[in-house]
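Q: Structure for the following, please:
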Amino acid sequence: MSDQQLTLHALLDAAAAAAPRGTAVCDQEESWSYARLARLSHAFGGWLTERGVAAGDRVLIQCPNRREMAAMLFGCSRVGAIFVPVNPGMKPYHLRSVLANCEPRIVLVDYGKGAAVRELTAAPVHELCGVWPDVETGAAACTGTGEVSGDDVAVLIYTSGSTAAPKAIICPQAQMVFAATAIASVLRYRHDDIIFCRLPLSFDYGLYQFLLACLARAEVFVAGGEPDATLLRQVRRCQATVVPVVPSMASMLTRLAERDPGPSNVRLFTNTGAALPQASIAALRTAFPGARVVRMFGISECKRVAIMAPEAELDRPESVGLPLPGTEVSIVGDGGQPLPAGQVGEIVVRGPHVMAGYWRAPEVTARTFRRDDRTGQVSLHTGDYGRLDCDGYLYFAGRRDDMFKHRGARVSTIEIEAAALDIAGVRDAVVVPPADGGELVIYVVTVLAPHAVLRELAARLEAAKVPSRCQVLDQLPLTLNGKNERKELSALLTGPAGALATGPTP
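A: Just a heads-up that it's a prediction; the model follows:
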């Protein structure tokens with residue numbers, strides 16, 4: 001593959017040449033063929049060039065999920081501009097720091113949001129409603145593509161991680177193309193697939209659906225903004241066959257399906273971003289007979305680490321699969337020494353999918369992306385813990401912040417949450433690791449009394465792993481990407497504890 005083929009827009013061009021009339025992307029309003037998407041991406045690249053955007057300039061986009069996001073992604077790629085998607089729910093406090101960090105050449109925002117964002121940056125701010133008619137008008141005339149190579153940066157993905165301010169992962173063209181191609185070789189999306197994408201397109205899990213669709217010549221249905229209660233109806237109406245989920249979305253789908261059982265076309269659920277508990281996997285299989293549930297593990301710093309192939313979904317039910325083709329995973333101890341199969345340690349990743357560090361953050365980059373002076377190879381130290389079995393399958397144990405000592409035992413929040421979700425009547429559960437000298441607390445969404453949850457946990461877990469207290473909530477707070485928000489729950493512990501139910505000591 002030539003260097004220019006290792007670009008995002010080359011994936012689109014190949015799809016447009018092979019299936020020009022095939023549907024590439026659609027939303028509630030309109031659908032675009034691959035040929036039209038390619039033309040609009042050229043036009044958006046031309047629109048950027050006319051406004052002085054050059055190769056390497058950042059284009060920050062804060063818009064809800066819309067089909068235009070696909071044209072903007074590939075259009076930025078064509079002219080070598082760096083696509084910077086930001087969650088539309090990001091508040092000014094964090095958006096200000098993102099704008100200062102990436103220094104965009106131009107900013108595009110949703111309808112009616114321009115005035116508020118102009119207060120945060122000196123860069124030109126355009127509302128999408130004023131931009132897109134110009135792009136549509138110029139779609140027939142623009143066909144040029146700049147000199148873009150696989151080494152050029154394609155995207156900055158901002159993630160809060162463990163820092164106070166969001167930090168950006170540098171995603172070069174070649175790394176993104178390799179990751180998408182390797183993932184596609186395992187998941188094997190089909191040309192007749194309709195991918196239902198409700199994940200934020202600022203989240204790489206959502207954004208990569210465009211790349212996977214290009215490789216398969218499949219269709220992406222872009223959803224977002226509609227009420228949660230309509231989620232199942234949307235999946236059925238668009239005749240989705242592939243649905244990427246995080247745990248909160250999986251729980252929502254299964255609850256809706258319990259109330260409104262019926263047929264669907266879904267053949268494949270994929271999961272990454274946060275581990276899908278076995279109870280949720282079983283509930284999806286029950287609610288959507290015949291659909292396979294693919295467990296995956298990945299972080300934005302390398303996109304994907306491991307995938308359990310769809311045909312092997314029932315094998316090794318606790319595993320998140322084999323390393324991505326062409327990559328390598330090892331487990332190391334606290335001193336950096338390799339650990340044998342079966343032992344839990346930090347997950348370290350090597351391969352062509354390892355991204356290029358963090359934008360303007362050399363110290364954090366050096367800690368996470370460690371280069372071997374002898375070989376030049378970069379090892380990504382994920383901060384996640386897990387183990388490999390003798391056949392090379394990976395088992396995820398949790399993030400460094402999710403692993404802790406309690407009553408002398410090493411404990412994982414994931415293990416406790418999985419046990420809670422095994423209890424009939426518990427819909428959602430989140431464990432907050434104890435602060436120094438603090439208590440271990442679990443938050444649940446359930447019809448059960450707190451003491452009943454603790455009693456059932458004591459029947460499933462060793463005494464050291466049973467929380468001291470339980471609090472029942474109507475719903476769990478979520479991050480912008482749909483993951484459980486432990487920071488907000490931790491803050492509850494510093495307030496009055498009257499609402500917390502204390503269980504008997506196991």
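Q: model confidence over the longest strand anywhere in the chain, on average?
A: Longest strand of the chain, by residue count under DSSP state E: strand 378-388. On average, the pLDDT along strand 378-388 is 95.
Q: Equivalent analysis for stretch 120-129, please.
A: Average pLDDT, stretch 120-129: 97.
Q: Please point out which parts of it sit buried.
A: 120-121, 123, 125-128 (16 or more other CB atoms under 10 Å). All C-beta atoms are positioned from the backbone trio N, CA, C, and that covers glycine.
Q: Would you pull up how far it lies from the middle of the chain?
A: With CA atoms, centre = their mean, to the nearest Å as the basis, stretch 120-129 stands 26 Å off its chain's centre.
Q: and the end-to-end length of it?
A: 20 Å (CA to CA, to the nearest Å).
Q: do the same with stretch 60-79
A: By CA to CA, the extent of stretch 60-79 from end to end equals 15 Å.
Q: okay, now residue 480: neighbour count?
A: 17 (other CB atoms under 10 Å).
Q: Can you tell me which of the buried residues of stretch 120-129 is nearest residue 36?
A: Ranked by distance to residue 36 (CB to CB), the buried residues of stretch 120-129 are led by residue 128 at 17.7 Å.
Q: tell me the contacts of that closest one?
A: Residue 128 makes contacts with 63, 66, 68, 108-111, as judged by CB atoms under 8 Å, 6 or more residues apart in numbering.
Q: at 10 Å instead, please
A: Counting by CB atoms under 10 Å, 6 or more residues apart in numbering, residue 128 makes contact with 61-64, 66, 68-69, 72, 108-111, 113-114, 135.
Q: Report the buried members of those.
A: Buried members of the contacts of residue 128, scored by 16+ other CB under 10 Å, are 61-64, 66, 68-69, 72, 108-110, 113-114, 135.
Q: Next, format those as TSV and append pLDDT and distance to residue 13.
A: As requested, those are exported to TSV (pLDDT from 0 to 100; distance: CB to CB, whole Å):
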residue	pLDDT	distance to residue 13
61	98	22
62	97	27
63	95	24
64	94	27
66	95	22
68	97	19
69	98	18
72	98	16
108	98	23
109	98	28
110	95	28
113	95	32
114	96	32
135	95	18
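Q: From the residues you listed, which land in strands?
A: Secondary structure from DSSP E places 61-62, 108-109 of the buried ones among the contacts of residue 128 in strands.
Q: what element comes up after the helix or strand where residue 205 lies heading to the C-terminus?
A: For residue 205, the host element (DSSP states H and E) is helix 204-216. Next along the chain after helix 204-216, taking DSSP H and E as the criterion, comes strand 219-222.
Q: Partner strands of that next one, with direction?
A: Partners of strand 219-222 in the sheet, by DSSP bridges, are strand 23-26 (parallel), strand 194-197 (parallel).
Q: Dump the following helix or strand past that strand to PDB, restricted to CA.
A: The C-terminal neighbour of strand 219-222 among helices and strands, as given by DSSP H and E, is helix 231-237. Output of helix 231-237 as PDB, limited to C-alpha atoms (Å, rounded to 0.1, in the frame of the first residue of the first chain):
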ATOM      1  CA  LEU A 231     -33.800   4.000  20.900                       C
ATOM      2  CA  LEU A 232     -35.200   0.600  20.100                       C
ATOM      3  CA  ARG A 233     -37.700   2.100  17.700                       C
ATOM      4  CA  GLN A 234     -34.900   3.800  15.800                       C
ATOM      5  CA  VAL A 235     -32.900   0.500  15.600                       C
ATOM      6  CA  ARG A 236     -35.800  -1.300  14.200                       C
ATOM      7  CA  ARG A 237     -36.900   1.500  11.800                       C
END
